[in-house]
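# Provided below for reference: sequence and predicted model.
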Amino acid sequence: MTTLSSDRIDAVTRPRAVERVVVGTPTSDGAGVKLTRVLTQPLQRRLDPFLMLDAFGTDDPRDYIGGFPDHPHRGFETITYMIAGRMRHRDSAGHEGLLQNGGVQWMTAGSGVIHSELPEQEDGTMEGFQLWLNLPAKDKMRAPWYRDIQSAEIPEATTAAGVKLRVIAGTSQGVAGAMQREATEPVYLDVTIPAGAAFAQALPATHNAFVYVFRGAVDIAGTAVPAQRMAILANGGEADGVMMRATSDARVLVIAGKPLGEPIAQYGPFVMNTQDEIHTAIRDYQAGRFANAPA
């Protein structure tokens, strides 16, 4: 883990305010996996290029043991971050990998893929997040792609104030993350902040951004954000980042991206730009035309 010197700490002089604090919606997906949908479909335009954020966390195997059997995707990327637990990924493009403690699975569904994510544990805690990142229209039909990012491959750093960060995507405090994306320029950070300590993250004014608190509580520009809440950060032409202070030991996700500004058409696991493209996706899936899909 890199110890950051003061000259590498992001300088934020015009921090963003909190536009609103969002409470997630309890639901289930896959074969009965219990989760909280934090970023829901009505927020897709506001938080473009992000389409969905699910948070899951339980030590009751009945809440996760069914996992996510075979299901399709087209037109976007899925980013699964496992805080604790073990899930096996297999897909119709021939990829297979084990997602485990601290690791990330980054999958580009592109033109279409069928995959499964099934637990490789029968008890213990399973906790993590799945984020959906949109693809620009020109890339929606690109070939499917997959990468397993093991925990040790995710750059980590700590500030003089004891703030620990994991840089999954983008850049923070001069540290480049494990993944970069040109079109959407995503920033994806896991930040642990001791009580009373502050953290600042530089963000382009053009990016949509939010903070999800999953341990403790933070204060962002005078707004209290407790655990299991998402703070949507206000956009502003002169804003240069976000500043927060932990009011108790806290752990948060900081997520931001460059909006695509394109139409969004979604039907379940398919996200395209028009309804005609959605209808084509459904027909292609039913006809077995997704990547190496079984007939």
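Looks like it came in fine.

# My guess is His71 contacts Phe270. True?
No - if you go by C-beta atoms under 8 Å, His71 and Phe270 don't touch, sitting 11.0 Å apart. Where C-beta positions appear, they are placed from N, C-alpha and C, glycine not excepted.

# who has more neighbours, those two?
Ranked by neighbour count (other C-beta atoms under 10 Å), His71 and Phe270 place Phe270 first, with 23 against 14.

# By residue count, tell me the biggest strand in this protein.
Criterion DSSP state E: the longest strand present in the chain is strand 241-257.

# other SSEs contacting that one?
strand 50-58, strand 126-134, strand 187-193, strand 198-202, strand 208-220 (3 or more C-beta pairs under 8 Å, 6 or more residues apart in numbering; DSSP states H and E).

# Kindly recompute the last result at 6 Å.
With contacts defined as 3 or more C-beta pairs under 6 Å, 6 or more residues apart in numbering; DSSP states H and E, the secondary structure elements packing on strand 241-257 are strand 187-193, strand 198-202, strand 208-220.

# Excluding residues flanking it in the chain, which one is nearest Ala256?
Among residues not flanking Ala256 along the chain, Ala209 sits closest, at 3.6 Å (C-beta to C-beta, 6 or more residues apart in numbering).

# ok so, going back, can I get the helices and strands packed on strand 241-257 in CSV with distance to Gln173?
Formatted as CSV, the helices and strands packed on strand 241-257 follow (distance: least, C-beta to C-beta, whole Å):
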stretch, distance to Gln173
strand 187-193, 10
strand 198-202, 8
strand 208-220, 16
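
# mind putting these in CSV, mean pLDDT included?
Converted to CSV, those look like this (pLDDT from 0 to 100):
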stretch, mean pLDDT
strand 187-193, 98
strand 198-202, 96
strand 208-220, 98
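
# Can you say which of these is packed in most?
Of these, the one with the most neighbours on average (mean count of other C-beta atoms under 10 Å) is strand 187-193, at a mean of 23.

# Which helix or strand in the chain has the lowest average pLDDT?
Lowest by mean pLDDT, DSSP states H and E among the helices and strands of the chain is strand 2-3, with a mean of 72.

# Just checking: what are the partner strands of that one?
In the sheet, strand 2-3 lines up against strand 156-158 (parallel) (DSSP bridges).

# list the buried ones in the partner strand?
Ala157 (16 or more other C-beta atoms under 10 Å).

# how about stretch 144-152: buried residues?
Residues of stretch 144-152 classed as buried by neighbour count (16+ other C-beta under 10 Å): 144, 146, 148-149.

# and the end-to-end length of it?
Counting by C-alpha to C-alpha, to the nearest Å, you get 25 Å between the two ends of stretch 144-152.

# pLDDT averaged over it, what's the number?
Here stretch 144-152 scores 96 as its mean pLDDT.

# can you tell me how far Ala231 sits from Pro49?
According to C-beta to C-beta, to the nearest Å, Ala231 stands 18 Å off from Pro49.

# just Leu98 next, same as before
28 Å.

# Please apply the same query to Asp10.
22 Å.

# higher neighbour count, these two?
Legend: neighbour count by other C-beta under 10 Å for Asp10 and Pro49, higher for Pro49 (27 against 19).

# Just list the residues touching the spatially most central residue of the chain, thanks.
What sits nearest the mean C-alpha location of the chain, by C-alpha atoms, centre = their mean, is Leu131, with 3.2 Å. By C-beta atoms under 6 Å, 6 or more residues apart in numbering, the residues touching Leu131 are 53, 79.
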